[in-house]
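**Q** coordinates only, sequence not included:
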């Protein structure tokens, strides 16, 4: 099947439906998704976010492989991606109803009804990224369809549009994960400005380090989230790093404060420590994203990234946004953590806007978000 | 190990990316290297950038399409981990789409096959002061591949058959241990892989795995509230 055209009136096709197979292997989740979206034929690419239909979104987590090391081990991650990628891609095609046989490939060199193949090209772990990029480029070559290399951070921004293509613009997004903490202003798809970012640890990294110090295991975010339910968030008043200081973040000192407190107060319980630390981090995150929204006259605010799955952050963010009278989105947890559906959404827009990426493209572990 | 499929005489696409050379060749499995269409590119860290276009270019020069390829061959290492994965991800994906089998070839055996003298010692640079090494006699490999420092693994103790030839970039890197000017081939040749593919079993692509020969580098240094200070 080729690029599908639908006809509204007469013989002139009015929209192009593009089906994209997207691959995400930047860190410790192997993910593949099939997304579909329409855009007008011939006309300019508009600033409006596309309406994306997610036909499948398969995520295979490597968390168990990294747990014994207390963090993501790059070489372990890269090896696991190579093992898991083909079954995950096959499952994504099958779930989307595009599989012919077996793993989703029909074994005859004919391609399923996919119009483009996308992969995350950075930022991330270079060895991990290259597994997805190499496989995506091979699929592009074999199926004779365009390849699209996608910025992982732009993917996280597009996760918002998966659930709310109608969300108000300009939009301010708080992106928080194990690798990143930043506030991004989205004027429209493709037009971004970074309003603030962490000067040291990412928020998720601080969760991991505190959980590791308390002997709670890995990954720290979900463990601290769960344990906090049994603790008192007001038990210990940890410092709020850079709370009154602009839109940047600092979490390193907050982590150290926990360690120093435990040394002075060995009787402190883990649930109280977890809840109080989580409250301090959430305080800073929510204060800053709302400050950014006000300062930059945002029409809406949204969360993104793995730490956006934290239940206290979701609750406090929604409450604060509602009190400020702001349109807001707390995305489904599946679209907060790394997933290929968001990469497919960004790829659809990039393909329409910039065209295909060359097959001589590689990966960039420190790729930055292109800003205006 | 599954029995595998004999692919001799079938149109084969071979890929090597385990060293600083990315190579692609197209030809009949088992045919002499001179009868293949082959290209190689020297690269330090750009295996992924180079490989896909090189596959397209080699196919075009051979006048065949991917759909006409009947089997694949891939260098499974030992060698550079990231390079290996680029080659394996690419070839396994192409093979899966085409529904064609894959011949897994070790970098050391490809190097040895390019050298007519026996015994021959194949040595691949493993970095961090180490090499991957294996010796091949008239009847094939003499023992399994090993990884180690040249002063530990280079055959200077008189045991076994002293090699008459040494090949590979590891030997080039450590001339004090392996001698100089001995080898025609520094890196595995994709053209030689096409020849070898006619004499090795081909497997479904998902059964073809990299040969790392080294565990992942992991540093665990965790301090917890229960660690004695």
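**A** Arrived safely, thanks for sending. None of the values given here were measured: they were computed from a predicted structure. Numbering: from 1, shown residues only, chains lettered A, B, ... in the order given.
**Q** what's the domain layout of the chain?
**A** Because you didn't say which chain, this covers chain A. A:6-155+A:338-354, A:168-336 (automatic domain parsing).
**Q** Let me rephrase: I mean chain B.
**A** According to automatic domain parsing, the ranges for chain B are B:11-108+B:187-207, B:117-178.
**Q** So for the first one, first residue to last residue, what's the gap.
**A** In domain B:11-108+B:187-207, first residue to last residue: 21 Å (CA to CA, to the nearest Å).
**Q** does any part of it sit near chain A?
**A** Yes - with CB under 8 Å from any CB of the partner chain as the criterion, chain A is reached by domain B:11-108+B:187-207 at B:46-53, B:55-56, B:66-67, B:81-82, B:85-86, B:88-94, B:96-99, B:205-206. Any C-beta I mention is one placed from the backbone N, CA and C, and that applies to glycine too.
**Q** hmm, which of the residues you listed are the buried ones?
**A** Buried members of the residues of domain B:11-108+B:187-207 next to chain A, scored by 16 or more other CB atoms under 10 Å in any protein chain shown, are B:47-53, B:55-56, B:66, B:81-82, B:85-86, B:88-94, B:96-99, B:205.
**Q** ok, residue A:155 to residue A:142 distance?
**A** Look at residue A:155 and residue A:142: by CB to CB, to the nearest Å, they are 24 Å apart.
**Q** On the pLDDT front, check residue 120 for me.
**A** No chain in the question, so chain A it is. pLDDT recorded at residue A:120 is 98.
**Q** actually chain B
**A** Residue B:120 is assigned 91 on the pLDDT scale.
**Q** and it, bridged to which residues?
**A** Note on residue B:120: beta-bridge partners by DSSP bridges are residue B:136, residue B:165.
**Q** Tell me which residue lies nearest the centroid of chain B.
**A** By CA atoms, centre = their mean, the mean C-alpha position of chain B lies nearest to residue B:107, the distance being 2.4 Å.
**Q** Would you mind confirming that that one is in contact with residue B:20?
**A** No - Residue B:107 is beyond contact range of residue B:20, at 12.0 Å (criterion: CB atoms under 8 Å).
**Q** Now find how far off-centre stretch B:119-137 is within its chain.
**A** On the basis of CA atoms, centre = their mean, to the nearest Å, stretch B:119-137 is displaced by 12 Å from the centre of the chain it belongs to.
**Q** Endpoint to endpoint, it covers what distance?
**A** Start and end residues of stretch B:119-137 are separated by 4 Å (CA to CA).
**Q** mind putting the domains of chain B in TSV, distance to residue A:297 included?
**A** Output for those, formatted as TSV (distance: least, CB to CB, whole Å):
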stretch	distance to residue A:297
domain B:11-108+B:187-207	42
domain B:117-178	53
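**Q** Pretty sure residue A:216 sits in a helix.
**A** No - assigned with DSSP: H, G, I helix; E, B strand; the rest coil, residue A:216 falls outside any helix and is coil.
**Q** list the contacts for it?
**A** A:223, A:224, A:227, A:270, A:274 (CB atoms under 8 Å, 6 or more residues apart in numbering or on different chains).
**Q** three-state assignment of the residue nearest to the third one when sequence neighbours are not counted?
**A** Yep, that's residue A:227 we're talking about. Setting aside the residues directly before and after it, residue A:227 is nearest to residue A:274 in space (CB to CB, 6 or more residues apart in numbering or on different chains), at 4.3 Å. Put simply, residue A:274 is helix when judged by three-state DSSP.
**Q** Can you report how many residues neighbour residue A:274?
**A** 28 (other CB atoms under 10 Å in any protein chain shown).
**Q** got a list of what it touches?
**A** Listed by CB under 8 Å, 6+ apart, the contact set of residue A:274 reads A:210, A:211, A:214, A:216, A:223, A:224, A:227, A:228, A:231.
**Q** distance of the second one from residue B:148?
**A** So the one you mean is residue A:211. Computed as CB to CB, the residue A:211 to residue B:148 distance reads 38 Å.
**Q** So for those two, which sits in the more crowded spot?
**A** Neighbour count, other CB under 10 Å: between residue A:211 and residue B:148, residue A:211 has more, with 24 against 14.
**Q** Is it correct that the more buried one is in contact with residue A:226?
**A** No - counting by CB under 8 Å, residue A:211 does not reach residue A:226; the two are 10.6 Å apart.
**Q** residue in chain B nearest to chain A?
**A** In chain B, the residue that lies nearest chain A is residue B:99 (2.6 Å; CB to the nearest CB).
**Q** And that residue, what's its pLDDT?
**A** Residue B:99 is given a pLDDT of 90.
**Q** and what of the one 5 residues further on?
**A** Residue B:104 is assigned a predicted lDDT (pLDDT) of 98.
**Q** Bridge partners for it, pull those for me.
**A** Counting by DSSP bridges, residue B:104 is bridged to residue B:74.
**Q** From residue B:121, how far out is it?
**A** With distances taken as CB to CB, residue B:104 is found 22 Å from residue B:121.
**Q** and the longest helix for chain B?
**A** helix B:81-98 (DSSP state H).
**Q** Can you name every helix or strand that it contacts?
**A** In terms of contacts (3 or more CB pairs under 8 Å, 6 or more residues apart in numbering or on different chains; DSSP states H and E), helix B:81-98 is packed against helix A:74-95, helix A:126-143, strand B:11-16, helix B:47-62, strand B:71-75, strand B:102-105.
**Q** at 10 Å what do you get?
**A** Applying 3 or more CB pairs under 10 Å, 6 or more residues apart in numbering or on different chains; DSSP states H and E, one finds that helix B:81-98 contacts helix A:74-95, helix A:126-143, strand B:11-16, strand B:21-28, helix B:47-62, strand B:71-75, strand B:102-105.
**Q** Just list what the last one packs against, helices and strands only.
**A** The criterion is 3+ CB pairs under 10 Å, 6+ apart, and the helices and strands that strand B:102-105 contacts are strand B:11-16, strand B:71-75, helix B:81-98, helix B:190-197, strand B:201-202.
**Q** which residues sit against the shortest one?
**A** Outside of strand B:201-202, the residues that reach it under the criterion CB atoms under 10 Å, 6 or more residues apart in numbering or on different chains are B:1-8, B:10, B:12, B:29, B:70-73, B:95, B:100-104, B:208.
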